[in-house]
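Enquirer: can you look at this prediction? I've put the sequence above it.
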Amino acid sequence: MLGTVSWRRGNYDKALEYYSLALVEHELHGNKSGVALVTGNIGLVYNNLGSYDKALEYHGKALAEHELLGEKSSVALVTGNIGLVYNNLGSYDKSLEFFEKALAEHELLGEKSLVARVTGNIGLVYSNLGEYDKALEYFGKALAEHELLGNKSGVAGTTSNIGLVYSNLGAYDKALEYYQKALPLAEEAGSKQFAATITGNIGTAYAYIGYSDMALEYHGKALSKHELLGNKSGVALVSGNIGARYVALGSYDKALEYLGKALALHQELGEQLGLAVVSGFIGELYATNEFEGCDLDKAETFLLKAIALSEDIGAKKILYENLKVLADLYKKQERWKEFALHFEKYHELYLEVQSEEATKKAALMEQQKQIAEREKEIAIAHAAANAKHEATEQLLHNVLPPSIANRMIAGESLIAEKLENVSVLFADIVNFTTLSQRITAEELVAGLDRIFTSFDALAEKYGLEKIKTIGDAYMVVSGAPEPRADYAQAMAEMALEMLEAMKEFTSISTGEEIHIRIGIHSGEVVAGVIGKKKFAYDLWGDAVNTASRMESHGEAGKIHVSSDFVRELLMVNGELLVEATAISTSFTINNLPLTIIPRGEMEIKGKGMMKTYFLERTDM
């Protein structure tokens with residue numbers, strides 16, 4: 001279903017559009033089961049967007065319909081999804097109630113993957129409540145089940161959540177270790193939401209161990225990811241963390257800007273935990289003497305609000321942190337009775353949360369994980385006996401992109417999809433035919449191998465996908481098979497480095513300089529796998545043909561690009577800096593090390609008159 005594909009890729013507006021069309025179609029045909037399914041999916045999208053009232057509304061409708069139809073598995077699934085919404089709202093008692101109902105039903109039905117998912121979600125609730133021993137217990141069960149099932153997305157999410165527990169226990173180096181294991185797993189699984197969340201968690205871990213620059217860098221990346229996904233809850237969370245970093249750095253105006261943004265979003269979404277956290281940060285800011293807007297009355301108001309919210313939802317860690325800040329405030333004001341009362345509450349709660357039992361549980365968890373990893377290594381060694389199967393998998397991974405190879409191994413027989421936003425590059429060696437006639441076959445093959453190997457390394461560096469070589473031509477794509485927001489920028493940077501790399505290849509036996517022509521175009525392609533015994537991942541469509549024309553009509557040592565490609569380069573945070581067609585003289589893009597040089601209109605074979613451009617590296 002197109003809606004599900006868009007949702008998994010983080011295109012929530014598209015997902016809602018497709019799901020709405022599907023809902024109308026199911027209603028027209030009287031397909032009640034389909035109506036219930038799509039209604040629940042719409043609830044999931046609204047949950048990702050932070051529209052929790054709408055999420056509960058659609059999940060409630062879906063649950064009622066599935067119950068009427070007697071669809072037990074779907075009832076359990078939607079029940080768990082309602083638990084997720086209540087967790088996001090900070091209603092932890094309700095969240096646990098729905099999760100436990102869902103878990104019992106999934107266990108009864110033998111649905112192992114869903115059992116693992118809900119088990120992990122229960123662990124997340126206990127983590128939010130500060131009950132870390134229970135959180136680790138549930139996370140441990142979930143992680144073991146996800147690993148057995150080979151569910152990379154589940155392993156990524158649970159691994160990150162374990163890192164969160166270590167962070168809450170003050171073991172920030174260990175937390176960072178888990179986050180850094182989780183991030184590539186989430187990216188490989190195509191879980192954009194997980195990847196954005198984990199990126200933000202890495203920033204928080206760096207903040208705690210004193211690397212403020214690294215913290216802001218990762219928080220900035222996380223904020224961009226959440227904004228691209230339209231995830232208001234994620235934007236609110238990361239904005240609050242950025243605000244806290246600026247408080248620590250003494251950039252108080254910036255701190256107040258980000259904290260104010262976070263507070264407004266949490267209020268809009270009704271997220272009680274977020275409100276508690278950010279209210280505490282703002283209270284701490286107003287209590288800071290160095291802040292020009294220092295206001296101890298405001299500080300007390302925000303801190304009391306944070307404490308009340310934390311008590312209401314049972315968020316013990318947030319509660320004791322704010323009790324400590326408020327106690328320090330009363331100490332500063334010499335309000336000794338209130339200081340003693342709040343400091344005592346802080347100290348008692350701190351000892352409760354940071355209990356020896358939780359710390360020992362964390363150590364035990366690490367030991368069990370090491371044993372599990374060793375057992376996994378032994379199992380892999382034994383599995384090597386199945387040489388034919390392993391050789392097939394290795395072959396697929398050698399010739400196909402990892403995500404495509406995994407889909408084929410999982411049993412997909414036909415892989416074909418339309419990708420709307422990619423950049424395609426063709427490069428070939430100038431006067432190659434003449435050059436090849438003056439050297440031996442061995443020198444020719446060795447020279448091409450050196451050049452194309454250097455291009456392969458650049459493709460890997462920038463996360464692009466080499467499609468194929470045809471004679472002396474090299475083809476690479478950005479934005480396939482996995483979509484990416486910066487596909488044009490990544491392609492431009494690789495093309496610039498390809499020209500730099502060619503300076504190393506001044507001769508193939510003859511001592512002559514070697515030049516390449518590069519052509520790039522952005523647009524829509526169809527991508528898929530062809531072949532039965534010899535597999536190939538390839539692209540088709542007008543965008544491929546146009547990129548090839550850009551190369552063939554280019555010039556030696558230059559990057560020749562279309563106006564469509566330039567337009568994508570000029571998009572910054574979803575806004576167009578200037579229309580490509582409006583560029584009449586050399587134009588430098590501030591956020592990129594390159595200059596766009598208009599070539600004017602020219603006749604392109606098979607395309608007619610086109611405005612094209614050259615790209616050059618900007619001298620710094």
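Expert: Okay, I see it. Numbers count the residues shown, from 1 in each chain.
Enquirer: immediately after the strand or helix carrying residue 166, which helix or strand?
Expert: Residue 166 is part of helix 152-168 when elements are defined by DSSP states H and E. The first helix or strand that comes after helix 152-168 along the chain, using DSSP H and E, is helix 172-188.
Enquirer: what lies in contact with that next one?
Expert: 152-153, 155-157, 159-160, 162-164, 166-167, 194-195, 198-199, 201-202, 205-206, 208-209, 362, 366, 402-403 (Cβ atoms under 8 Å, 6 or more residues apart in numbering). In short, each C-beta sits where N, CA and C put it, glycine included.
Enquirer: break this protein into its domains for me.
Expert: Following automatic domain parsing, one gets these domains for the chain: 231-354, 397-617.
Enquirer: these into a markdown table, with extra columns for mean pLDDT?
Expert: Shown next, in a markdown table, are those (pLDDT from 0 to 100):
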| stretch | mean pLDDT |
| --- | --- |
| domain 231-354 | 87 |
| domain 397-617 | 84 |
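Enquirer: which one, of these, ends up nearest to residue 84?
Expert: Nearest of those to residue 84, taken as Cβ to Cβ: domain 231-354 at 11.4 Å.
Enquirer: from the chain's centre, how far out does that closest one sit?
Expert: The chain centre lies 28 Å from the centre of domain 231-354; the measure is Cα atoms, centre = their mean, to the nearest Å.
Enquirer: again, but for stretch 206-225
Expert: So, by Cα atoms, centre = their mean, the centroid of stretch 206-225 is 15 Å from its chain's centroid.
Enquirer: strands of this structure, residue ranges please.
Expert: With strands called from DSSP state E, the chain shows them at 416-429, 465-470, 473-478, 516-530, 536-540, 559-562, 571-572, 575-576, 587-589, 594-604, 608-617.
Enquirer: save those as CSV, and put in distance to residue 317 and mean neighbour count too.
Expert: As requested, these are exported to CSV (distance: least, Cβ to Cβ, whole Å; neighbours: other Cβ atoms under 10 Å):
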stretch, distance to residue 317, mean neighbour count
strand 416-429, 42, 21
strand 465-470, 43, 17
strand 473-478, 42, 24
strand 516-530, 46, 22
strand 536-540, 47, 17
strand 559-562, 52, 28
strand 571-572, 38, 14
strand 575-576, 39, 9
strand 587-589, 44, 16
strand 594-604, 47, 15
strand 608-617, 49, 17
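Enquirer: can you pull out the helices in the stretch 301-450 of the chain?
Expert: Along the stretch 301-450 of the chain, counting by DSSP state H, counting those that start in this stretch, helices occupy 316-332, 336-353, 356-383, 387-399, 402-409, 432-436, 441-461.
Enquirer: surely residue 295 touches residue 283?
Expert: No. In this structure, residue 295 is not within contact of residue 283 by Cβ atoms under 8 Å, at 10.2 Å.
Enquirer: ok, those two, which is more surrounded?
Expert: residue 283 (24 against 13; other Cβ atoms under 10 Å).
Enquirer: so that one versus residue 268, what's the distance?
Expert: According to Cβ to Cβ, to the nearest Å, residue 283 and residue 268 sit 20 Å apart.
Enquirer: with residue 618 instead?
Expert: With Cβ to Cβ as the criterion, residue 618 and residue 268 are 41 Å apart.
Enquirer: between these two, which one's more packed in?
Expert: residue 618 (15 against 12).
Enquirer: quick one, what contacts the more buried one?
Expert: 588, 592, 593, 594, 595.
Enquirer: what's opposite the fourth one in the beta bridge?
Expert: Using DSSP bridges, the beta-bridge partners of residue 594 come out as residue 589, residue 617.
Enquirer: would you confirm that it contacts residue 615?
Expert: Yes. Using Cβ under 8 Å, residue 594 is in contact with residue 615, at 5.4 Å.
Enquirer: which neighbours do the two share?
Expert: Common neighbours of residue 594 and residue 615 (Cβ under 8 Å, 6+ apart) are 492, 496.
Enquirer: distance of the nearest residue to residue 523 once chain neighbours are set aside from residue 483?
Expert: Excluding its sequence neighbours, the residue lying closest to residue 523 (Cβ to Cβ, 6 or more residues apart in numbering) is residue 543, at 3.3 Å. From residue 543 across to residue 483, the span is 14 Å (Cβ to Cβ).
Enquirer: pick out whichever of these two has more residues nearby.
Expert: Of the pair residue 543 and residue 483, residue 543 is the one with more neighbours under other Cβ under 10 Å, namely 25 against 16.
Enquirer: that one against residue 525, yeah?
Expert: Yes. The criterion here is Cβ under 8 Å, and residue 543 meets it with residue 525 at 5.0 Å.
Enquirer: and the nearest residue to residue 148 once chain neighbours are set aside, how many neighbours?
Expert: The shortest distance from residue 148 to any non-neighbouring residue, by Cβ to Cβ, 6+ apart, is to residue 112 (7.9 Å). With neighbours defined by other Cβ under 10 Å, the count for residue 112 comes to 15.
Enquirer: flag the shaky bits of the stretch 101-250 of the chain, pLDDT-wise.
Expert: Of all residues in the stretch 101-250 of the chain, none has pLDDT under 70.
Enquirer: helices of that one, start to end?
Expert: 112-128, 132-149, 152-168, 172-188, 192-208, 212-229, 232-249.
Enquirer: how about those helices in CSV, adding distance to residue 306?
Expert: CSV is the format used below for the helices of the stretch 101-250 of the chain (distance: least, Cβ to Cβ, whole Å):
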stretch, distance to residue 306
helix 112-128, 15
helix 132-149, 21
helix 152-168, 17
helix 172-188, 22
helix 192-208, 18
helix 212-229, 21
helix 232-249, 12
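Enquirer: hang on, the earlier thing: for the residue nearest to residue 148, give me its contacts.
Expert: Counted by Cβ under 8 Å, 6+ apart, residue 112 has contacts 145, 148, 149.
Enquirer: grab the nearest non-local neighbour of residue 450.
Expert: residue 505 (6.7 Å).
Enquirer: so that neighbour sits against residue 516, correct?
Expert: No. Using Cβ under 8 Å, residue 505 makes no contact with residue 516, being 9.3 Å away.
Enquirer: enumerate every residue touching residue 105.
Expert: 72, 73, 75, 76, 79.
Enquirer: what about the fourth one, neighbour count?
Expert: Neighbour count of residue 76, defined by other Cβ under 10 Å: 24.
Enquirer: find the nearest non-adjacent residue to it, please.
Expert: According to Cβ to Cβ, 6+ apart, the nearest residue to residue 76 is residue 105 (3.6 Å).
Enquirer: from residue 72, how far out is the one you found?
Expert: 6 Å.
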